[in-house]
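[1] sequence and predicted structure, then a few things I'm wondering about:
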Amino acid sequence: MSKVLSPGTYFMQGNKALAEGAVAAGCRFFAGYPITPASEIAEHLAVRLPHVGGIMIQMEDEIASLASVIGASWAGTKSMTATSGPGFSLMQESIGYAFMTETPCVIVDVQRAGPSTGQATKGGQGDVMQARWGTHGDYASIVLSPNSVQEMYDLTIRAFNLAEEFRTPVILLSDEVTSHMREQITVPPADHVEIRTRTPPRVGEPYFGGTLVPPMPSVGEGFDVVVTGSTHNEVGLRFTADPTVHSALVTRLVGKIEVAAQSMMDCETFNLDGCDVGFISFGCTSRAVYEAVETLEEQGISAGFVRLRTIWPFPEKYVRELAEQARVVIVPEMNLKQIYYEVQRVVDGAARVVPVNQIGGGELVTPETLCHVAKEATDKL
Amino acid sequence: MSSAAQRKQFLRGIPFPFCAGCGGATVATVFLKAVDELGFKDLRSFVFCSGIGCASWIPSPHFKADSIHTTHGRSIPVATGVKLVRPDLNVVVFGGDGDVLGIGLSHLIHAARRNLDITVIMVNNMIYGMTGGQVAATTPLGTWTTTTPYGSYEPPLDAFRLLASAGASYVARWTTAHMAELTESLKTALTTKGFSFVEVVSQCPTAFGRRRGFKNVKEMLRWLKTQSIPIDDPEAASMPEQGETIAVGEFRRRTVIPTLTESIQQVTKRAGKQ
Ligand SMILES: Cc1ncc(C[n+]2csc(CCOP(=O)(O)OP(=O)(O)O)c2C)c(N)n1
Ligand code: SF4
């Protein structure tokens, strides 16, 4: 097999497309631990990474997986791990460490029905809040949500780019359905795809401060890098008592992602102008929305939608835009109201927000349900 | 090099945070002596990884080198990532017994099993020092600690035998009272191809010595010396149960087995042919 997939169309499984996206993005180290429905990513990379001079290693657990990804990233290599809910929980301490040490890396969470081992082979969307708030302390996260096999490829490249651009861990939040579905994808020519790489610091330039996103050195290059998850100053030295050093550091780390939010707010929108009903959705659930919107239009109900391709930082602007037009905002998701509350906070009374929640058995919200809810809600207007 | 010259070459000049008489300072000094005797002029070819605990302060941020101070217990997997993508670097892990043998135990065993080409130096003070003296997996049976107020009721774990059987290429145990042997051992560990592990049984006067009734550091060091018996002594076999004798010595794997990096290189070659 060739190095990076040559341009063209392919029929592929979501997890494989994700793995190919990682290879195209320049990922050359992957560490993981088997778990359904994410295992195909590790399996595919075990085949593919050796072809491009990369390494895939199965570690003893998810804690070790992310820890070794962090080590590989500091050694100068773009790195990734992939897991599902139980493993994602085990990674949380190291996600905070990667955030605090500004270590670029990509963490894939293919959501399944939890909590605990729940329904291990069935899809779900219950990790939305864990992806945002999973580690302890104050932090901000970047979380992307694909809804097609094409996006499994594209958003993986984007995840690596964002990780490098903002020097932070980026979470790719997939779900069992999107990961396991097979669709046609188009791989663009390499020169049509932007691939970001890190810039090392100039001599004497601080790499833990001094600017919003400091340049990143690698170990083994003579920088004498000191990396610590404890509060540190611009050159990486610990300051564990001084309140100003802590607040300056954490405020910058959170601030850089808030600033980034403006440029990376990424949503698919449809028919926002003058719609009566609006849908806000993400991941596999959003696929039912396309059909529901069409059916409603045919029945004379003007419906629009906002699909969150970036879930965190929360794309408030788009949600607000939708709420300015629609009188009812419907939020379908395969969990018990995780995004609903966030939408309610942003809409802030400008429209009625109606939740549609479906959990268990991997069953998807259907377009019929969505049409029914939309009609009922508009009847009441 | 004189020890003053060593300090200048290898240290940043940031004072170590150890209590007076802590064995951690001894381990730092002996390690730098070993590196010096091996002919290294600086630490530029090294990457140090350590977890959380007093012993983890030995390299970071004090050594003039790259160092990654990881979360508690995860220094070995971080070191795994570094070593796999930069096999040319000397990757050395420092950690306490809680860090390496307690919370991080599975990583230690797997690194030995994989014959990952790194050196792990475990400072075993038989207690959780940094958190104030709680029982550890290495605490001698019956010891009073803050979490075993009526005496510890679990036998300690013998890292030496565990790692020799897990696949390590070199394993040694000495105490801070064996400076000469320890120096030689560290030199062997650093030049061993494959996974090497050196346990240094060390004194924590603050959280262990004081409570065990030792009057001073000298007395603790004398105790470390008198409790030590050679690892091949038949009496040493009882060590894990007793916890009071310290079996010292070294183990060298006779058959050379490939390092993890070499094994992966083989796989990459095979993949290229397909
Ligand atoms: C996940 C986690 N649990 C607990 C702690 C608290 N903690 C800090 S150091 C330490 C153990 C210290 O003992 P050891 O590793 O033996 O090192 P020593 O201080 O004795 O050198 C613990 C439990 C932590 N930092 N992280
Ligand atoms: S508490 Fe013990 S191990 Fe920690 S610095 Fe003090 S003497 Fe050393």
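    Good, I have the coordinates. None of these values were measured; they are calculated from a predicted model. Ligands and ions are numbered 1, 2, ... in the order given.

[2] which bits of the stretch 101-250 of chain B sit near chain A?
    B:106-107, B:110 (C-beta under 8 Å from any C-beta of the partner chain). (Each C-beta comes from the backbone N, C-alpha and C, glycine too.)

[3] want to throw those into JSON lines with distance to residue A:367, neighbour count and pLDDT?
    Rendered in JSON lines, the data for these read as follows (distance: C-beta to C-beta, whole Å; neighbours: other C-beta atoms under 10 Å in any protein chain shown; pLDDT from 0 to 100):
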{"residue": "B:106", "distance to residue A:367": "47", "neighbour count": "16", "pLDDT": "98"}
{"residue": "B:107", "distance to residue A:367": "48", "neighbour count": "29", "pLDDT": "98"}
{"residue": "B:110", "distance to residue A:367": "48", "neighbour count": "19", "pLDDT": "98"}
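
[4] show me those that map onto helices.
    Among those, the members found in helices (DSSP state H) are B:106-107, B:110.

[5] quick check, nearest of those residues to residue A:230?
    For those, the minimum distance to residue A:230 (C-beta to C-beta) is 20.7 Å, reached by residue B:107.

[6] residues contacting that closest one?
    Applying C-beta atoms under 8 Å, 6 or more residues apart in numbering or on different chains to residue B:107 gives the contacts A:60, A:64, A:67, B:73-74, B:76-77, B:80.

[7] excluding chain neighbours, what is closest to it?
    Using C-beta to C-beta, 6 or more residues apart in numbering or on different chains and skipping the chain neighbours, the partner closest in space to residue B:107 is residue B:76 (4.0 Å).

[8] residue A:331 now?
    Per C-beta to C-beta, 6+ apart, closest to residue A:331 is residue A:340, 4.6 Å.

[9] and if you look at residue A:235?
    If the residues on either side of it in the chain are set aside, residue A:235 comes closest to residue A:206, at 5.5 Å by C-beta to C-beta, 6+ apart.

[10] close to ligand 1: what parts of chain B are there?
    Counting by C-beta under 6 Å from any ligand atom, the positions of chain B adjacent to ligand 1 are B:52-55, B:72, B:96-99, B:123, B:125, B:127-131, B:136.

[11] are any of the residues you listed buried, and which?
    By the neighbour-count criterion of 16 or more other C-beta atoms under 10 Å in any protein chain shown, the residues of chain B next to ligand 1 include these buried positions: B:52-55, B:72, B:96-99, B:123, B:125, B:127-130, B:136.

[12] so which helix or strand takes in the residue in chain A that ligand 1 sits nearest to?
    In chain A, no residue comes nearer to ligand 1 than residue A:93, which is 6.2 Å away by C-beta to the nearest ligand atom. Here residue A:93 sits within helix A:92-101, counting by DSSP states H and E.

[13] does that helix come close to chain B?
    Yes: shown here: helix A:92-101 in contact with chain B (C-beta under 8 Å from any C-beta) through A:93-94, A:97.

[14] just stretch A:35-42 next, same as before
    No: judged by C-beta under 8 Å from any C-beta, stretch A:35-42 stays clear of chain B, getting no closer than 14.6 Å.

[15] picking that back up, report pLDDT for the residue nearest to residue A:331.
    pLDDT recorded at residue A:340 is 98.

[16] for the host helix or strand of it, buried residues please.
    Remark: residue A:340 resides in helix A:338-347, with elements defined by DSSP H and E. When burial is assessed from 16+ other C-beta under 10 Å, helix A:338-347 yields the following buried residues: A:338-340, A:342-344, A:346-347.

[17] and the next helix or strand after that helix, how far out from the chain's middle?
    Downstream of helix A:338-347, the first helix or strand assigned by DSSP H and E is strand A:352-357. For strand A:352-357, the separation from the chain centroid amounts to 23 Å (computed by C-alpha atoms, centre = their mean, to the nearest Å).

[18] report the angle between strand A:352-357 and helix A:338-347.
    Our comparison of strand A:352-357 with helix A:338-347, counting by axes from the mean of the first three to the mean of the last three C-alpha atoms, to 10 degrees, yields an angle of 170 degrees.
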